[in-house]
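After the sequence you'll find the predicted model.
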Amino acid sequence: MKFYQKSKEELLHSYDVKIDRGLSSTQVTDNRERYGENKLPEEKEESYLKVFFKSFKEPIIIVLLGAVALSFFSSFYSFQIVGDKKHGLESLYEAIAIAILIIINAFLGFWQEISARKNLNSLKEMNNRFASVLRNGALEKISSNELVVGDIVKVTVGDFVEADIRWLELDELQLIESHLTGEADAIIKNIEVINENVEIGDQTNMGFSGSIVSNGQGIGIVVATGENTELGKISQLMKDEGIKSSPLQETVKKLTKTLMKISAGIVLLTFVFGLISSGEFSINSITSVFSTSIALAVASIPDALPVVLSIVLTIGAVKMSKNKGLIKTLSSVETLGSTSYICSDKTGTLTQNEMTVTKFYANGQLYNVDGLGYRSIGEIHLVPKGEKNVNFAQFMKNIVLCNDSSVKEVEGQVKTFGNPTEVALTVLGSKAGYSKNKLREL
């Protein structure tokens, strides 16, 4: 039997918990060991050394490493066998130059990935949220990571649902579950038992991790945490998909194969032509011709290509970071640039999900409102033009004071809490010069 098919009494009995006391400290410890922590499993971070040498696995770098080895061989041969100091030094310098380019390329990739990792870790620390939970008969505020199955949780407007919850007591509770269902509209919740099998969007007595409370308040019991939540299952599916090669990586792979074929062809043709031209088939002659062939093969490889690509992609990643776009791997920049179309469903998940009052009636008079979104920028015009009467002022006071929502601007970003309709009305009042704080001071 699924959680939404169980009654309030069955759930409380199965977890041995009372709605007015919550879990005891001992039960919290036992349930955490039994059901796990309220965290999504994180992949173990790669060591700095592993991140640095990651780029050495790229096909073009493998070819360049081969070029370094061949250049060193050519230098050794020129010094030790032939005694050609000039050619030996040229081959040595070429090997060192290519090696330096390989190291620069590895450093750029290493720097970008480590920087992105640090930024991601900082974001995780900043986004650590809290939950109101009843334990040992007292309401406590704890880190969301400390929630366990069986906890009695209370949510109000603006709160996130931090685990999968079966609702027990509600007061006009509405949740936004667009991260799971794609529907932007708030879902009205209830505590009624659902007897048949239904999909997530129809489980109206449940609250899912990641949902936002847009209206009312509620008390529920935690039934799933961490990777066992619906959000955790989706996260696991995404991990199972694995990492696919980017368009750039595929292009470079094809280029590398082509270069290897060309280099092999040059070595073979030069070697055969050199032997035929010399007319000798001694060890010294064969070695000399082979050394020349190697030099030509190395020269045919575009050794600066990886560094040029890394520099261009790094510039793109830096520009995106200035616009709050976090790039973990450099190839992602080109992948995003190669995107021509983004296909989404008809529910409007690519909208800003902001409601705006554009017209309203007060005392039988029509008003037009300028401005879009949740910023308090815009003017209110009477249609037809005229003076705003006392009923206009009373209307504005009512929509601002009889309202549980709030709108704040933090570091240039608008933060809203509450029902989207009430938020839109709060913004309307702000455009007219009415705010909740000022009115309460009167």
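Sure, I can see it.

any idea where the strands of the stretch 1-150 of the chain begin and end?
130-135, 138-143 (DSSP state E, counting those that start in this stretch).

Okay, buried residues for whatever helix or strand comes next after the last one please.
What it means is strand 138-143. Using DSSP states H and E, the helix or strand that follows strand 138-143 in sequence is strand 152-155. For strand 152-155, the neighbour count (16 or more other C-beta atoms under 10 Å) marks 152-153, 155 as buried. To be clear about C-beta, it is placed using only N, CA and C from the backbone, and glycine gets the same treatment.

Check which helix or strand the residue most central in space within the chain maps to.
Centroid check for the chain by C-alpha atoms, centre = their mean gives residue 326 as the closest residue, at 8.2 Å. Secondary structure assigned from DSSP H and E places residue 326 in neither a helix nor a strand.

Would you check that it makes contact with residue 115?
No: taking C-beta atoms under 8 Å as the definition, residue 326 is not a contact partner of residue 115, at 9.4 Å.

Contacts only, for the closest residue to residue 84 other than its chain neighbours.
The shortest distance from residue 84 to any non-neighbouring residue, by C-beta to C-beta, 6 or more residues apart in numbering, is to residue 78 (4.5 Å). Contact analysis of residue 78 by C-beta atoms under 8 Å, 6 or more residues apart in numbering lists 84-85, 87-88, 91, 291.

which of those residues sit farthest apart?
Farthest-apart pair in the contacts of residue 78 is 85 and 291; separation 14.2 Å (C-beta to C-beta).

which one of these two has more residues nearby?
residue 291 (22 against 10; other C-beta atoms under 10 Å).

Check the more buried one and give its pLDDT.
The confidence metric pLDDT takes the value 68 at residue 291.

Then residue 401?
In this model, residue 401 carries a pLDDT of 89.

Could you measure from it over to residue 101?
67 Å (C-beta to C-beta, to the nearest Å).

More neighbours: which of those two?
Using other C-beta under 10 Å as the criterion, residue 401 and residue 101 rank with residue 101 on top: 20 against 12.

Out of the contacts of residue 78, which is nearest to residue 417?
residue 91 (68.4 Å).

For the residue nearest to the closest one when sequence neighbours are not counted, grab the count of nearby residues.
Of all residues not flanking residue 91 in the chain, residue 75 sits nearest, at 3.7 Å (C-beta to C-beta, 6+ apart). For residue 75, the count of nearby residues is 22 (other C-beta under 10 Å).

Would you quantify the distance from residue 75 to residue 65?
Taking C-beta to C-beta, one finds residue 75 at 16 Å from residue 65.

ditto for residue 429
67 Å.

Equivalent analysis for residue 247, please.
24 Å.

Can you point out the buried residues in stretch 143-153?
For stretch 143-153, burial by neighbour count (16+ other C-beta under 10 Å) applies to 144, 146-153.

can you list these in TSV and add distance to residue 110?
Below are these laid out as TSV (distance: C-beta to C-beta, whole Å):
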residue	distance to residue 110
144	33
146	35
147	37
148	39
149	41
150	45
151	42
152	48
153	43
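
quick revisit: ok, of the contacts of residue 78, which one's closest to residue 206?
Taking those together and measuring to residue 206 by C-beta to C-beta, the closest member is residue 91, at 70.3 Å.

wait, isn't that closest one in contact with residue 71?
Yes: the pair residue 91 / residue 71 is scored as a contact, 5.0 Å apart, by C-beta under 8 Å.

low-confidence ranges in the stretch 101-250 of the chain?
119-127, 238-245 (pLDDT under 70).

can you give me the helices for it?
Secondary structure of the stretch 101-250 of the chain (DSSP state H, counting those that start in this stretch): helices at 178-181, 230-240, 247-278.

quick one: the residue lying farthest from the centre of the chain and residue 289, what's the gap?
Most distant residue from the mean C-alpha position of the chain: residue 279, 65.2 Å away (C-alpha atoms, centre = their mean). Distance, residue 279 to residue 289, by C-beta to C-beta: 11 Å.

do the same with residue 326
53 Å.

What of residue 363?
100 Å.

Ok, residue 423 next?
79 Å.

higher neighbour count, the two?
Comparing residue 423 with residue 289 by other C-beta under 10 Å, the one with more neighbours is residue 423, at 23 against 20.

Quick one: mean pLDDT for the host helix or strand of that one?
Element membership for residue 423, per DSSP H and E: helix 420-431. For helix 420-431, the per-residue pLDDT values average out at 89.

Tell me the helices and strands packed up against it.
Using 3 or more C-beta pairs under 8 Å, 6 or more residues apart in numbering; DSSP states H and E, the elements in contact with helix 420-431 are helix 390-401, strand 406-410.

Need the winner for burial among those.
With neighbours taken as mean count of other C-beta atoms under 10 Å, the helices and strands packed on helix 420-431 reach their highest mean count in helix 390-401, at a mean of 16.

Residues in contact with it: which ones?
360, 362-363, 365, 367, 425-426, 428-429, 432, 434-436, 439-440.

Next, the angle helix 420-431 makes with that helix.
Helix 390-401 and helix 420-431 are oriented at 130 degrees to each other (axes from the mean of the first three to the mean of the last three C-alpha atoms, to 10 degrees).

Spit out the contact partners of residue 216.
157, 170-174.

Just the buried subset of those, written out for ChimeraX, thanks.
Buried subset of those, written as a ChimeraX selection, criterion 16+ other C-beta under 10 Å:
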select :157,170,173,174
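
Out of the contacts of residue 216, which sit inside strands?
170-174 (DSSP state E).

between the buried residues of strand 152-155, which is nearest residue 379?
Using C-beta to C-beta, those come closest to residue 379 at residue 155, 37.1 Å.
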